[in-house]
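Chemist: Give me a model of this one.
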Amino acid sequence: MTPAPRLSGTHYTVAVVGGGQAGLSASHCLGERGVDHVVIEAHRVGHEWRERRWDSFCLVTPNWQCRLPGHPYAGADPDGFMVRDDIVRYLEEYVAAFRPPLVEGVAVTRLRRSASGVFEIGTTAGEFTADQVVVATGPYHTPKLPRMAERLPAGVEQFHSSGYRNPGRLPDGAVLVVGTGQSGCQIAEDLHLAGRQVHLAVGSAPRVARFYRGRDCVAWLDDMGHYDRSIDGFDDADAVRLRVNHYVTGRDGGRDIDLRAFARDGMRLYGRLKDVKGPVLEFADDLKANLDHADAVAESIKDAIDAYIDAKGVQAVTEARYRPVWQPDGQPSALDLAEAGITSVVWATGFTRDHRWIEIPAFDGRGYPMHWRGVSNVPGLYFLGLPWQYTWGSGRFEAVGRDAGFLADHIDASRRLADVCGTLTGAPNALAAALPIG
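Modeler: Residues are numbered from 1 along each chain as shown. Down below sits the predicted model:
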């Protein structure tokens with residue numbers, strides 16, 4: 001890596017906030033276009049993967065979908081799934097390959113805009129300025145816990161999914177996992193495979209089969225153009241951005257996550273956690289509906305794959321459809337923690353965004369950035385790495401590079417226009433408002 005750029009008192013054409021896959025992709029694309037910039041990372045490259053993922057974590061998308069700009073996956077297992085440490089290594093190798101102007105261990109504490117249009121960036125290493133700013137910090141900032149967590153008995157240890165590491169780090173006894181998005185299901189499986197008694201509060205997240213008709217479902221969907229469909233093609237774009245991801249796993253070469261099979265093998269399933277009344281938990285009567293919904297989504301994806309195979313005349317093996325291996329039958333609506341021997345709870349309840357450091361009116365009433373393809377309503381301010389920023393892959397290794405290239409083109413065009421006009425400080429911001437973004 002090149003020597004760390006000096007920050008305090010320095011002016012840059014572009015400041016990229018965040019040195020994860022989004023920020024590094026932005027840096028690569030800006031560098032290709034000769035745009036002067038700096039990347040600020042509060043920790044070190046790979047921090048989110050290194051510090052917020054459990055020991056057995058692996059990607060749920062195959063390695064061939066890891067295609068950051070100028071750095072596609074080049075390993076020996078393209079159809080496999082990188083584990084946590086391999087993901088960190090992939091990012092570290094990316095940095096070593098193109099040597100971005102990266103500053104690690106410096107947190108951005110404030111972003112505001114002066115009257116002249118220049119961005120003023122406050123950091124733990126002093127203040128500097130930039131003509132344009134790319135916020136590449138993603139959406140997963142603060143672990144989210146429901147208020148009912150405060151009412152659990154003091155003797156029950158609580159962990160957010162971001163703080164879970166392995167079964168051995170939890171106290172002896174049964175474990176309650178709350179939430180069945182990707183993290184909740186995979187953590188429940190991790191505990192189950194370790195022989196722990198798991199109680200799982202099941203939500204409404206959908207699932208997808210790992211393989212169907214001889215291929216990974218991701219490969220079929222990629223061929224079908226699913227991952228290229230833009231957010232503009234949905235009537236309910238806001239709802240699409242809030243959808244929970246389908247649960248599946250890449251563990252041990254990849255397989256389905258079938259909660260019914262877990263229940264058959266001893267895991268205790270309940271509906272959505274509704275209330276905590278001291279040592280007693282109350283659950284909604286929706287377990288069957290949630291399991292049926294998850295299965296229906298998985299089968300609908302298979303329907304779409306079948307239709308594609310038939311329409312294209314693709315040669316593919318036939319495969320029997322899924323048959324449920326377990327059905328709820330009189331599941332309890334309440335659970336006494338002490339009677340069940342539950343000594344710990346893992347909250348797989350997601351994250352909230354925290355953009356309080358951005359002192360610029362670039363957000364809607366829900367705190368979501370107002371943007372189109374990452375170009376915000378504030379000239380010169382951009383966002384990168386948001387889920388469904390433009391396509392399914394926007395927040396992932398699969399397509400964040402395409403979004404980064406789009407923003408880099410927009411940034412470079414405004415810079416060149418400013419140069420032609422002979423304007424200096426703040427001009428790119430003023431001119432960017434006039435640039436087409438479609």
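
Chemist: all contacts plus neighbour counts: C-alpha atoms, from now on.
Modeler: OK.

Chemist: Nearest residue to Val378 in space, ignoring adjacent ones along the chain?
Modeler: Nearest residue to Val378, sequence neighbours excluded (CA to CA, 6 or more residues apart in numbering): Ala362, at 6.3 Å.

Chemist: what's the closest non-adjacent residue to Lys144?
Modeler: Distances taken as CA to CA, 6+ apart put Phe351 closest to Lys144, at 4.6 Å, once the chain neighbours are dropped.

Chemist: ok so, going back, ok, now how distant is the residue nearest to Val378 from Arg243?
Modeler: Ala362 sits at a distance of 23 Å from Arg243 (criterion: CA to CA, to the nearest Å).

Chemist: Who has more neighbours out of the two?
Modeler: In terms of neighbours (other CA atoms under 10 Å), Ala362 is the more surrounded of Ala362 and Arg243; the figures are 17 against 12.

Chemist: so that one makes contact with Pro379?
Modeler: No: applying CA atoms under 8 Å as the test, Ala362 and Pro379 come out as separate, 10.0 Å apart.

Chemist: Tell me where the protein has helices.
Modeler: Along the chain, counting by DSSP state H, helices occupy 21-32, 47-51, 84-98, 182-193, 217-223, 237-241, 259-264, 287-312, 337-340, 400-421, 427-432.

Chemist: and among the ones you listed, the most buried is which?
Modeler: Mean neighbour count, computed with mean count of other CA atoms under 10 Å, is highest for helix 21-32 among the helices of the chain, reaching a mean of 26.

Chemist: other SSEs contacting that one?
Modeler: strand 11-17, strand 37-41, helix 84-98, helix 400-421 (3 or more CA pairs under 8 Å, 6 or more residues apart in numbering; DSSP states H and E).

Chemist: Could you list the domains of this protein?
Modeler: As assigned by automatic domain parsing, the chain contains the domains 11-141+353-432, 144-347.

Chemist: Any idea how far the first one is from the middle of the chain?
Modeler: A distance of 14 Å separates the centroid of the chain from that of domain 11-141+353-432, by CA atoms, centre = their mean, to the nearest Å.

Chemist: Let me see the mean pLDDT of it.
Modeler: What domain 11-141+353-432 shows for mean pLDDT is 93.

Chemist: And the shortest one, by the same measure?
Modeler: Across domain 144-347, pLDDT averages out at 96.

Chemist: That domain: end-to-end distance?
Modeler: End-to-end span of domain 144-347 (CA to CA): 8 Å.

Chemist: my read: Tyr140 touches Arg353, true?
Modeler: Yes: using CA under 8 Å, Tyr140 is in contact with Arg353, at 5.9 Å.

Chemist: wouldn't Asp216 be in contact with Arg210 here?
Modeler: Yes: Asp216 is in contact with Arg210 according to CA under 8 Å; the separation is 5.7 Å.

Chemist: which of those two has more neighbours?
Modeler: When Asp216 and Arg210 are compared for neighbours, Arg210 comes out ahead with 21 against 17, by other CA under 10 Å.

Chemist: check contacts around that one.
Modeler: Listed by CA atoms under 8 Å, 6 or more residues apart in numbering, the contact partners of Arg210 are Asp216, Cys217, Val218, Val248, Thr249, Gly254, Arg255, Asp256.

Chemist: Tell me how many other residues crowd the fifth one.
Modeler: Put plainly, it is Thr249. When neighbours are defined as other CA under 10 Å, Thr249 has 25 of them.

Chemist: how close does it get to Trp54?
Modeler: Distance from Thr249 to Trp54, by CA to CA: 14 Å.

Chemist: And for the third one?
Modeler: The gap separating Val218 from Trp54 is 23 Å, by CA to CA.

Chemist: now Glu319
Modeler: Counting by CA to CA, the gap from Glu319 to Trp54 is 34 Å.

Chemist: So between these two, which is more surrounded?
Modeler: Trp54 (21 against 9).

Chemist: Which residue is the nearest non-sequential neighbour of that one?
Modeler: Arg165 (4.1 Å).

Chemist: Just the endpoints, please. Distance across stretch 383-392?
Modeler: Separation of the first and last residues of stretch 383-392 by CA to CA is 16 Å.

Chemist: Contacts for it next, please.
Modeler: For stretch 383-392, the external contacting residues (CA under 8 Å, 6+ apart) are 22-23, 134-139, 227-232, 240-241, 369, 371-376, 393-396, 399-400, 403-404.

Chemist: please redo it, this time with the cut-off set to 6 Å
Modeler: Residues from elsewhere that reach stretch 383-392 (CA atoms under 6 Å, 6 or more residues apart in numbering): 22, 134-136, 138, 227, 229-231, 241, 373-374, 394-395.

Chemist: Would you format these as TSV with distance to Asp36 included?
Modeler: Converted to TSV, the contacts of stretch 383-392 look like this (distance: CA to CA, whole Å):
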residue	distance to Asp36
Ala22	17
Val134	13
Val135	16
Ala136	17
Gly138	23
Tyr227	32
Arg229	32
Ser230	30
Ile231	31
Arg241	32
Arg373	22
Gly374	20
Ser394	24
Gly395	24
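
Chemist: In those, which residue is surrounded by the most others?
Modeler: Counting neighbours by other CA under 10 Å, Ala22 leads the contacts of stretch 383-392 with 30 neighbours.

Chemist: Among the helices and strands packed on helix 21-32, which comes closest to His47?
Modeler: Across the helices and strands packed on helix 21-32, His47 has its closest neighbour in helix 84-98 (8.0 Å, CA to CA).

Chemist: what's the angle from the closest one to helix 21-32?
Modeler: Counting by axes from the mean of the first three to the mean of the last three CA atoms, to 10 degrees, helix 84-98 lies at 10 degrees to helix 21-32.

Chemist: Any idea which of the domains of the chain gets closest to Pro5?
Modeler: Closest approach to Pro5 among the domains of the chain (CA to CA): domain 11-141+353-432, 6.5 Å.

Chemist: What are the neighbouring residues in contact with the residue sitting nearest the centre point of the chain?
Modeler: The chain has Gly395 as the residue nearest its centroid, 5.8 Å off, counting by CA atoms, centre = their mean. With contact set as CA under 6 Å, 6+ apart, Gly395 has these partners: Gly385, Leu386, Pro387.

Chemist: who touches His371 in this structure?
Modeler: Counting by CA under 6 Å, 6+ apart, His371 touches Asn377.

Chemist: still on that earlier bit, so can I have TSV of the domains of the chain showing distance to Pro5?
Modeler: Putting the domains of the chain into TSV (distance: least, CA to CA, whole Å) gives the following:
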stretch	distance to Pro5
domain 11-141+353-432	6
domain 144-347	31
